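Engineer: Fold the following for me, if possible:
(one chain, ligands or ions: 1)
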Amino acid sequence: MVARLAPRWCLRALRSPLQVIGFPSLQLHMSGIAMRASQEDFENALNQVKLLKKDPGNEVKLKLYALYKQATEGPCNMPKPGVFDFINKAKWDAWDALGNLPKETARQNYVDLVSSLSSSSESSNQVQPGTDRKQQEYENLVVTSEDGITKITLNRPTKKNAINTQMYQEIILALKAASNDDSILTVVTGNGDYYCSGNDLTNFMDIPPGGVEEKAKQSAVLLRDFVGSFIDFPKPLIAVVNGPAMGISVTILGLFDAVYASDRATFHTPFSHLGLTPEGCASYTFPKIMGPAKATEMLIFGKKLTAGEACAQGLVTEVFPDSTFQKEVWTRLKAYSKLPKNAMKISKQVIRNMEKEKLHAVNAEESSVLQERCLSDECINAAVNFLSKRAKL
Ligand SMILES: CCCCC/C=C/C(=O)SCCNC(=O)CCNC(=O)[C@H](O)C(C)(C)COP(=O)(O)OP(=O)(O)OC[C@H]1O[C@@H](n2cnc3c(N)ncnc32)[C@H](O)[C@@H]1OP(=O)(O)O
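Structural biologist: So this is what the prediction gives:
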C-alpha cells in the first residue's frame, strides 16, 4: 500500500529548486517497514507529519527524507545524481550523510524529530541564537538564550534552589522549549551559592484531598515525567555545577552529556538518611559510571563527594577553580557551540538511543519504588525532622 500524505504547507507556491523537495518519507510502503520496538511510534510520526501546520523548511525536510530512507532501506544505495540535478543531489547528500546509522536509530530519530516539530508548531517558541533573548517567564527559573546556548538557571537561591512541585513542572517545560528552539547546547546551572539542594522537603506538606496515598502517586508521576524529560532531551545537555548539589540534582547528572563543576561543589545523595531510594536513573547510571562499589557509597551510604572525587569517579567531566569557574566554562561552551550543530545533536542521539528504553524502564521502576517509600515511617520522620529543625531557626 502506498499512501501519499500532503501537509497543508506542501501545497504552497514553491520558489527555489530546493523547495520542490517532496516528502518521500510520506510515501508509506508499510509492508517494507521492519517490525521493531518503535514501529508504532514511527507510523504515528509518519501520520503526524501531515498534520504540521507550518512548513518546517528545506533543511528539516531533507533530514526527514534521509531518516525515512535510512529507517526503511538502510544506508544510501542510490547512484549519486549529477551536480545539476540539485534536488536529487540534495536528497542523496542528506541520506548518504547518515552513513551506517542503524535502521532502528534512524527510525527513533525520525520519531524524535517529528515530535519536536509538532511541539514547536504548537508552541512557536523559536529562539534565535546570538540574540540573548529571555524566553517564557518562569517563577523558579531564569531561561535565556545567547550565542546558540540556552541557559536554564535554577532560581530559588534563598532555598538553595530546592526543587518544589512547580519548579519540577517548569523544568520539564523549559527542557521542552529548549529542545524545540534553535539553540545548539543547553545548560543547567544554579543561582546563588548552591547548585541545588534537591527535592524541596516541604513538597510533602501539601496533601491533596485524596490523602497521602494520592500525594505519593502524584509525586511519582511528576518524578517520572521530570526524569523522562532528561532521558529524551535531544541536544547536548551540560550541567554547570556552581556549588553544592544534593539529591535529585546529583542523580540526574548521570543523564547529562557533560558536567563542569566549581571546586566549591559537592555531590551528596543522602537517600537512606531520608528513608528514600535513588531516582534520576542513578541506580543504573551510577554503577555504570563509577562502578558498583563507589555507587553504593553514594547512593546507599550517602557519602558526600568533593568535586575532585566526583571527577575522579567519572560523574564530573572537569573541575575548575571557583575564582575562574564561570569565565573558563563559558569560554569553552561558546567554542563548543560553534561546532556543527547537526553532527553534535545526532551524535548525542546515537549515544542516547543505545539505552533509551532501558533508562525509561529504570525510571519507571525507581518512581514506583519511591511512591511506596514516600509513605514509609522512615521517610515521614526524616521530613518532619527537617521541617521541625527549620521551624526553630
Ligand atoms: C518528586 C519526589 C522526589 C523524591 C526524591 C528526593 C530526592 C532528593 O532530592 S533527596 C535530597 C533532599 N534535600 C535535602 O535533604 C536537603 C535539605 N536541606 C539541608 O540539608 C540544608 O538546608 C542545606 C545543607 C541544603 C543548606 O544548609 P544551610 O547552609 O545551613 O542553609 P539552610 O538550611 O538555612 O537553608 C536555607 C533555606 O533553604 C531551605 N532549604 C534548603 N534546602 C531545602 C530543601 N531541600 N527543601 C526545602 N527547603 C530547603 C531551608 O529550609 C532554609 O529555608 P528558611 O528556613 O525558610 O530560610
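Engineer: Next, the contact list for Ser118, please.
Structural biologist: Ser118 is in contact with Gln48, Leu51, Leu52, counting by Cβ atoms under 8 Å, 6 or more residues apart in numbering. For every residue, glycine as well, the C-beta is placed using N, CA and C.
Engineer: Could you check how far Thr277 is from the ligand?
Structural biologist: 8 Å (Cβ to the nearest ligand atom, to the nearest Å).
Engineer: So what's the residue count around that residue?
Structural biologist: 18 (other Cβ atoms under 10 Å).
Engineer: Kindly report the same for Pro208.
Structural biologist: With other Cβ under 10 Å as criterion, Pro208 counts 11.
Engineer: Am I right that it falls within a helix?
Structural biologist: No. Using DSSP: H, G, I helix; E, B strand; the rest coil, the secondary structure at Pro208 is coil, not a helix.
Engineer: who touches it in this structure?
Structural biologist: Glu214, Lys215, Gln218.
Engineer: Surely the second one touches Phe204?
Structural biologist: Yes. The pair formed by Lys215 and Phe204 meets the contact definition of Cβ atoms under 8 Å, at 7.3 Å.
Engineer: where do the contact lists of those two overlap?
Structural biologist: Cys374.
Engineer: could you dump the contacts of Ser118 to a markdown table with distance to the ligand and pLDDT?
Structural biologist: Below are the contacts of Ser118 laid out as a markdown table (distance: Cβ to the nearest ligand atom, whole Å; pLDDT from 0 to 100):
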| residue | distance to the ligand | pLDDT |
| --- | --- | --- |
| Gln48 | 30 | 79 |
| Leu51 | 34 | 73 |
| Leu52 | 34 | 73 |
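Engineer: excluding its backbone neighbours, what's nearest Lys89?
Structural biologist: Counting by Cβ to Cβ, 6 or more residues apart in numbering, Lys89 lies nearest to Pro81, which is 4.6 Å off, once chain neighbours are set aside.
Engineer: surely that neighbour meets Asp93?
Structural biologist: No. Pro81 is not in contact with Asp93 according to Cβ under 8 Å; the separation is 9.2 Å.
Engineer: wait, doesn't Phe233 sit right on Ala177?
Structural biologist: No. Using Cβ under 8 Å as the test, Phe233 is too far from Ala177 to be in contact (11.4 Å).
Engineer: filter the contacts of Ser118 to the buried ones?
Structural biologist: Buried members of the contacts of Ser118, counted by 16 or more other Cβ atoms under 10 Å: Gln48, Leu52.
Engineer: Need the three-state assignment for the residue nearest to the spatial centre of the chain.
Structural biologist: The C-alpha lying nearest the average C-alpha coordinate of the chain belongs to Phe233 (Cα atoms, centre = their mean; 2.1 Å). Of the three states, Phe233 takes coil according to three-state DSSP.
Engineer: circling back: how deep is the residue nearest to Lys89 tucked in, by neighbour count?
Structural biologist: Other residues close to Pro81 by other Cβ under 10 Å number 15.
Engineer: Just read off the phi/psi values of the residue of the stretch 201-350 of the chain found nearest the ligand.
Structural biologist: Taking Cβ to the nearest ligand atom, the ligand has its nearest neighbour within the stretch 201-350 of the chain at Gly247, 2.0 Å off. With angles defined as degrees, to the nearest 10, Gly247 sits at phi 50, psi -130.
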